[in-house]
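Participant: got a sequence here, can you model it:
(chains A, B, C and D)
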2 protein chains.
Amino acid sequence: MPKKVDRQKRRTQIADALMRVAAEQGLEAVSLRHVAAEAGVSAGMVQHYFRTKDEMMTFALDVVRERNQIRVTDAVTHLGAAPSPRDLLQTIIRTLLPLDEVTRADGRVALAFLAYTAVRPPASAALREETEQMVGFIAGLLPCPDPENAAAGLLALMEGLGVYLLGGQYTPEQARRILDSHLDRLFAAAPDRSGETVTIRPA
Amino acid sequence: MPKKVDRQKRRTQIADALMRVAAEQGLEAVSLRHVAAEAGVSAGMVQHYFRTKDEMMTFALDVVRERNQIRVTDAVTHLGAAPSPRDLLQTIIRTLLPLDEVTRADGRVALAFLAYTAVRPPASAALREETEQMVGFIAGLLPCPDPENAAAGLLALMEGLGVYLLGGQYTPEQARRILDSHLDRLFAAAPDRSGETVTIRPA
DNA sequence: GGGTTTGCGATACGATCGCAACGGAAAACG
DNA sequence: CGTTTTCCGTTGCGATCGTATCGCAAACCC
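Facilitator: Below is the predicted model of the structure:
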């Protein structure tokens, strides 16, 4: 057969280049040739690994989601074995917010994809499922009444904070304060369960 | 001089066409010729009223913002002279959320522009100022402690709800419930001022 | 080692892009 | 009524787009 090439690895390298282009110049600057140049390869090679541009986009979108997933589980792991629900939530959400230059780049890509998929509904199925799962998980951590809606609201607040951070409308410190204030409210009105902790279990 | 043409009106007509294209096919489908075709005019005419594409985009962005502003003041006016702070907030935010097909179209445009300006920071100055003003206004309506952060959080929640609505991750009913639940929380823990009302005054 | 399969660079094609330039029609002004 | 100024449709240019296709080299199978 052919040369042994790690296909998945090459595809990821190309997706990385795509994300760099998208983060710096926006998604509309993403073209086969730009991505190829950014990746330091020929345009033909990009075409070899992605038969169509849309396939490349979809793959990159998956990579972004996967990276975020990893970031979260990493952060949670570093939190120790039995964090309080509030610390756990704060860590998760702070991890997902574009608070530094690195995560900002990712955030710009994610935002661009959001606008991209808003016109191509089928591409967002996985995203939808992920969100639903997240809502369920967070709801279980909240001591307040109506935890389902509170959890969904917390996620929405996170998303909005991300958007405003990228738009430069809120500073990172502001965003952190807003998040903390919101968590205060979520954990305030409830019966005191402040001693409780969460046991991390593998997904 | 020349034929008397209402320049501003023509520009708005073109911007309307732009928004229709952007809402249906995304911002990357917005080109001089597409917009011209959608508006039923020649490409040359579009060029006549906007020397560059970027000028057209910026103008359209302004129109979107202006429309939202009008929608809000309209809704608030229909609310009567002395609504409760909570009703006022609910109305404002529901007005800004993409809950029906019409506002969804606007929301898609706004989201596309958000991604657009994320890479062109200078274009978002007006947006930033508007948000700041809004935070101040909302903060004055909130009875809870830390009203500044709560207000900013409420706006972020709204933005996130909008994004999730456009992505089809939350349904309109869900979004309304989430918003109400959040408002419950904001107006719950406070000293009872439920009898108070807000006096609407002109901006 | 010949044949086959794959990796990948090169090139071409038709479409579309933003933009510039030209030209005529029409209206206001002298 | 002629001039001038604006309006705007047409056309063309160069660049770039996504995609199809070809060709060759390298590696694997037998």
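Participant: host element of the residue nearest the centre of chain A?
Facilitator: The residue lying closest to the centre of chain A (Cα atoms, centre = their mean) is residue A:68, at 4.3 Å. Taking DSSP states H and E as the criterion, residue A:68 maps to helix A:53-77.
Participant: from residue A:14, how far off is the residue nearest to the centre of chain A?
Facilitator: 19 Å (Cβ to Cβ, to the nearest Å). No exception for glycine: its C-beta is placed from N, CA and C like everyone else's.
Participant: let's see stretch A:122-132 as CSV, backbone CA atoms only.
Facilitator: In CSV, the C-alpha atoms belonging to stretch A:122-132 read as follows (Å, rounded to 0.1, in the frame of the first residue of the first chain):
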residue,chain,number,x,y,z
PRO,A,122,-27.5,20.3,10.8
ALA,A,123,-23.8,20.9,11.8
SER,A,124,-24.8,21.8,15.4
ALA,A,125,-26.4,18.6,16.5
ALA,A,126,-23.4,17.5,18.5
LEU,A,127,-23.2,20.9,20.1
ARG,A,128,-26.8,20.7,21.1
GLU,A,129,-26.4,17.3,22.8
GLU,A,130,-23.3,18.5,24.6
THR,A,131,-25.1,21.5,26.0
GLU,A,132,-28.0,19.4,27.2
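Participant: gap between it and the chain center?
Facilitator: 12 Å (Cα atoms, centre = their mean, to the nearest Å).
Participant: give me the pLDDT value at residue A:203.
Facilitator: At residue A:203, the predicted lDDT confidence score is 50.
Participant: hmm, I was thinking of residue A:118
Facilitator: Note on residue A:118: pLDDT of 78.
Participant: phi, psi of it?
Facilitator: phi -60, psi -20 (degrees, to the nearest 10).
Participant: now do the helices in chain A.
Facilitator: All helices of chain A, identified by DSSP state H, fall at A:7-25, A:32-39, A:43-49, A:53-77, A:85-96, A:101-118, A:125-139, A:147-166, A:172-188.
Participant: quick one: mean pLDDT for the longest one?
Facilitator: For helix A:53-77, the mean pLDDT works out to 93.
Participant: how about it and DNA strand D, any contact?
Facilitator: Yes. Using Cβ under 7 Å from any atom of the strand, we find that helix A:53-77 touches DNA strand D at A:53-54.
Participant: quick one, phi psi at residue A:84?
Facilitator: Dihedral pair for residue A:84: phi -70, psi 150, per degrees, to the nearest 10.
Participant: what sits closest to it if chain neighbours are left out?
Facilitator: Once flanking residues are discounted, residue A:84 sits nearest to residue A:197: 5.7 Å by Cβ to Cβ, 6 or more residues apart in numbering or on different chains.
Participant: which ones are touching the one you found?
Facilitator: A:82-85 (Cβ atoms under 8 Å, 6 or more residues apart in numbering or on different chains).
Participant: drop anything exposed from those residues.
Facilitator: A:83-85 (16 or more other Cβ atoms under 10 Å in any protein chain shown).
Participant: for these, give me JSON lines that also has pLDDT and distance to residue A:157.
Facilitator: Supplementary listing: the buried ones among the contacts of residue A:197 in JSON lines, determined by pLDDT from 0 to 100; distance: Cβ to Cβ, whole Å:
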{"residue": "A:83", "pLDDT": "90", "distance to residue A:157": "20"}
{"residue": "A:84", "pLDDT": "94", "distance to residue A:157": "20"}
{"residue": "A:85", "pLDDT": "94", "distance to residue A:157": "17"}
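Participant: least confident secondary structure element in chain A?
Facilitator: Lowest by mean pLDDT, DSSP states H and E among the helices and strands of chain A is helix A:101-118, with a mean of 86.
Participant: buried sites along stretch A:41-61?
Facilitator: For stretch A:41-61, the neighbour count (16+ other Cβ under 10 Å) marks A:41, A:46, A:49-50, A:56-61 as buried.
Participant: ends of it, how far apart?
Facilitator: End-to-end distance for stretch A:41-61, by Cα to Cα, to the nearest Å: 21 Å.
Participant: now do that stretch: everything it contacts.
Facilitator: A:7, A:10-11, A:14-15, A:18-19, A:22, A:30-33, A:35-36, A:39, A:109, A:113, A:116-117, A:123.
Participant: related to what we said a few turns ago, farthest-apart pair in the buried residues of stretch A:41-61, please.
Facilitator: A:41 and A:61 (20.7 Å; Cβ to Cβ).
Participant: right, I'll leave it there.
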